[in-house]
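>>> I'd like to go over a predicted model; first the sequence, then the structure.
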Amino acid sequence: MSTNTPLYQQYPLHITNTLTATKQLFTPIKPPFVGLYVCGPTVYSDVHLGNVSTFTKFDFIYRYLVFLGYKVRYVRNITDVGHLVGDIDEGEDKIAKKARLEQLEPMEVVQRYTNGFHNVMKQFNNIEPSIEPTATGHILEQIEWVQKIIDNGFAYEVNGSVYFDVPKYDAAHPYGELSGRKIDELRNATRELDGQSDKRSPLDFAIWKKAEPQHIMRWNSPWGEGFPGWHLECSVMSTKYLGETFDIHGGGMDLKFPHHESEIAQAVACCGSAPVNYWMHTNMLTVNGTKMSKSLNNSFLPHELFAGDHELLEKGYSPMTVRFFFALSHYSSQVDFSNEALQGAEKGYKRLMNAQEALASLSHKQGALNEILEAEIQQHCKDVLSHLSDDFNTPRAIASLFSLCTKINDFKAGNADVGGISNSTFEQLQFTFNGVINDVLGLQSEAQQSNHLDDVMALVIELRKQARADKNWAMSDQIRDQLTAAGIQLKDEKGGLTTYSLD
């Protein structure tokens, strides 16, 4: 393996582009720099496993881009306003509704569930994005975009709301190119306006909504008090931090239409150019072949999965087991949760960890060269990276890692002589096996995770102990309550000792 040539040149990356429905050679706008934007969560409830699957798969993608040698700016937003119930232009803001039901300020809701989201991402060892902008932090920029779209003739204001004119846009640019939908088909699938709507066409969507008297979240604008439409925030924030045209935009397939379709239209209407070169979409999560849904009682939160605290789970599964489970399917494939699949993932994960431990125990001293063994290991190492460069094909890459596991275990057991391969091939084996497991798949040993948690909890328990000594009962209770919300229970034992357990 050359040390001078970047890996992205040795293993050219191909990506399936949703926009063209073809697998294409990835050519960044300004190599080695890459701009990656992923639609983040709407923070009005606990993050669910469907979200975790999407963000973890884009974590694999981000990690591999970095592993190849690209300089990646990864932007993932937080939606904290404008996402209405039912993903439509009418109804209540999801965050405002939660705030009203729980008698909280909207930003209290945002803070609580943003913290929860970050905690879950850490449990799954997902790397933080380079930038995590919020919709409420970019209201001025969104107002500027609305005005530009109006000035360019693709939006109109009615009674304090501003709507994107889809038929007028489609006359100049194709609307529906990402999802493959035609405007006539969309028009036939919608109901005619009932005369009460401010929209000129049922296809039009709000880019600024008038705030009704009961609406909590509102900002001043040229059109009166209101709030931005849901689709607008991602157009504004992605292009602000990555440029008017950037490399990769990702999200779940449920966002392809209308959210991502509208993003394209807004960017072209405002800036005059398509915003993204490569669109990527992850597939949905099912449970035992059925769509995950609270109404079907087959939806469970991460902490329930870890504890096995759900009637559909035979036992609990560690975050690393679940992370490995996500890697066993291609990002564009449907992921089906079942006890059998999770138990298989648990065995596979432990096999990798055991082989990694065995590899660390090996010392290499050159002996008589076994050319067949040398060629086999070199080929397996190349296959791992070739598969990852073929549209981030993690399942095939893992199959090649398992082939390397067999060789490593043979060395450890004495069934093959590690001295039979050259020093450069042994280093290639270490680089590929350890690098992909830790740096690309983001897997850690469970013992390593436990040790880290013990260290952190020792510090937290000491802080709570000091707060109690200072009779700062509010701080003591806050520490306990926030740990409980994160799935960690404290128990004050006799003699002043405090222990913890995971839900």
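Perfect, thanks for sending it.

>>> how about the strands of the stretch 201-350 of the chain, start to end?
Using DSSP state E, counting those that start in this stretch, the strands found in the stretch 201-350 of the chain span residues 205-210, 226-228, 246-252, 276-282, 285-287, 290-291, 335-337.

>>> Secondary structure element for Leu369, which one?
Using DSSP states H and E, Leu369 maps to neither a helix nor a strand.

>>> Go through stretch 60-73 and flag the buried ones.
60-68, 70, 72-73 (16 or more other C-beta atoms under 10 Å). Every residue, glycine included, has its C-beta placed from N, CA and C.

>>> before we move on, back to that, looking at the strands of the stretch 201-350 of the chain, which has the lowest confidence?
Here the lowest mean pLDDT among the strands of the stretch 201-350 of the chain goes to strand 290-291, at a mean of 84.

>>> Check which helices and strands that one sits against.
Applying 3 or more C-beta pairs under 8 Å, 6 or more residues apart in numbering; DSSP states H and E, we find strand 290-291 packed against no helix or strand.

>>> Parallel or antiparallel, which strands does it pair with?
strand 285-287 (antiparallel) (DSSP bridges).

>>> Turn the strands of the stretch 201-350 of the chain into a markdown table, including distance to Ile398.
Below are the strands of the stretch 201-350 of the chain laid out as a markdown table (distance: least, C-beta to C-beta, whole Å):
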| stretch | distance to Ile398 |
| --- | --- |
| strand 205-210 | 41 |
| strand 226-228 | 42 |
| strand 246-252 | 21 |
| strand 276-282 | 17 |
| strand 285-287 | 19 |
| strand 290-291 | 26 |
| strand 335-337 | 15 |
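
>>> Output the below-cut-off pLDDT ranges for the stretch 51-200 of the chain.
Low-confidence segments of the stretch 51-200 of the chain (pLDDT under 70): 85-90, 191-196.

>>> okay, now Asp170: neighbour count?
19 (other C-beta atoms under 10 Å).

>>> just checking, it touches Asp184?
No - with contacts counted by C-beta atoms under 8 Å, Asp170 stays clear of Asp184, the gap being 9.7 Å.

>>> ok so, going back, what's the closest of the buried residues of stretch 60-73 to Phe300?
Set against Phe300, the nearest of the buried residues of stretch 60-73 by C-beta to C-beta is Phe60 (22.6 Å).

>>> mind listing the strands for the stretch 401-503 of the chain?
Going by DSSP E, counting those that start in this stretch, the stretch 401-503 of the chain shows strands at 488-492, 498-502.

>>> and the ones you listed, which one is worst for confidence?
strand 498-502 - the lowest mean pLDDT of those, at a mean of 73.

>>> now the end-to-end length of stretch 210-220.
One end of stretch 210-220 to the other measures 10 Å (C-alpha to C-alpha, to the nearest Å).

>>> Show me the helices in the stretch 401-503 of the chain, by range?
423-434, 446-469, 473-485 (DSSP state H, counting those that start in this stretch).

>>> So which of the ones you listed is nearest Phe411?
Per C-beta to C-beta, nearest to Phe411 of these: helix 423-434, 9.5 Å.

>>> ok, residues contacting the closest one?
Here helix 423-434 makes contact (C-beta atoms under 8 Å, 6 or more residues apart in numbering) with 1, 355-356, 359, 364, 366, 374, 377-378, 381, 384-385, 401, 404, 407-408, 418, 421.

>>> any idea of the mean pLDDT in that helix?
Rounded mean pLDDT across helix 423-434 is 98.

>>> ok, back up a step: can you redo the strands of the stretch 401-503 of the chain as CSV, where the extra columns are mean neighbour count and distance to Ser197?
Shown next, in CSV, are the strands of the stretch 401-503 of the chain (neighbours: other C-beta atoms under 10 Å; distance: least, C-beta to C-beta, whole Å):
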stretch, mean neighbour count, distance to Ser197
strand 488-492, 14, 49
strand 498-502, 13, 50
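
>>> Figure out which of those is closest to Ala21.
strand 498-502 (43.6 Å).

>>> what about Thr5, which SS state?
Three-state secondary structure (criterion: DSSP: H, G, I helix; E, B strand; the rest coil) places Thr5 in coil.

>>> quick one: it from Glu446, how far?
Remark: distance between Thr5 and Glu446 (C-beta to C-beta, to the nearest Å) = 36 Å.

>>> the more surrounded of the two?
In terms of neighbours (other C-beta under 10 Å), Glu446 is the more surrounded of Thr5 and Glu446; the figures are 15 against 10.

>>> Pull out the buried residues from the contacts of helix 423-434.
355-356, 359, 364, 374, 377-378, 381, 384-385, 401, 404, 407-408, 418, 421.

>>> Of all those, the one with the weakest confidence?
Ranked by pLDDT, the buried ones among the contacts of helix 423-434 bottom out at His364, which has 94.

>>> okay but that residue is in contact with Val418, surely?
Yes - between His364 and Val418 there is a contact under C-beta under 8 Å: 5.6 Å.

>>> Tell me which of the helices of the stretch 401-503 of the chain sits most buried.
The highest mean neighbour count among the helices of the stretch 401-503 of the chain, using mean count of other C-beta atoms under 10 Å, belongs to helix 423-434: a mean of 17.

>>> Export that helix to CSV, keeping only CA atoms.
Written as CSV, here are the backbone C-alpha positions of helix 423-434 (Å, rounded to 0.1, in the frame of the first residue of the first chain):
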residue,chain,number,x,y,z
ASN,A,423,6.4,-7.2,7.2
SER,A,424,4.7,-4.9,4.8
THR,A,425,1.7,-7.3,4.5
PHE,A,426,1.5,-7.7,8.2
GLU,A,427,1.3,-3.9,8.5
GLN,A,428,-1.3,-3.8,5.8
LEU,A,429,-3.3,-6.4,7.8
GLN,A,430,-3.1,-4.3,10.9
PHE,A,431,-3.9,-1.0,9.1
THR,A,432,-6.9,-2.4,7.3
PHE,A,433,-8.4,-4.6,10.0
ASN,A,434,-8.0,-2.2,12.9
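
>>> Quick check: closest non-adjacent residue to the residue lying farthest from the centre of the chain.
Using C-alpha atoms, centre = their mean, the residue of the chain lying farthest from its centre is Ala368. It sits 47.5 Å away. Among residues not flanking Ala368 along the chain, Gly420 sits closest, at 6.6 Å (C-beta to C-beta, 6 or more residues apart in numbering).

>>> Alright, calling it a day.
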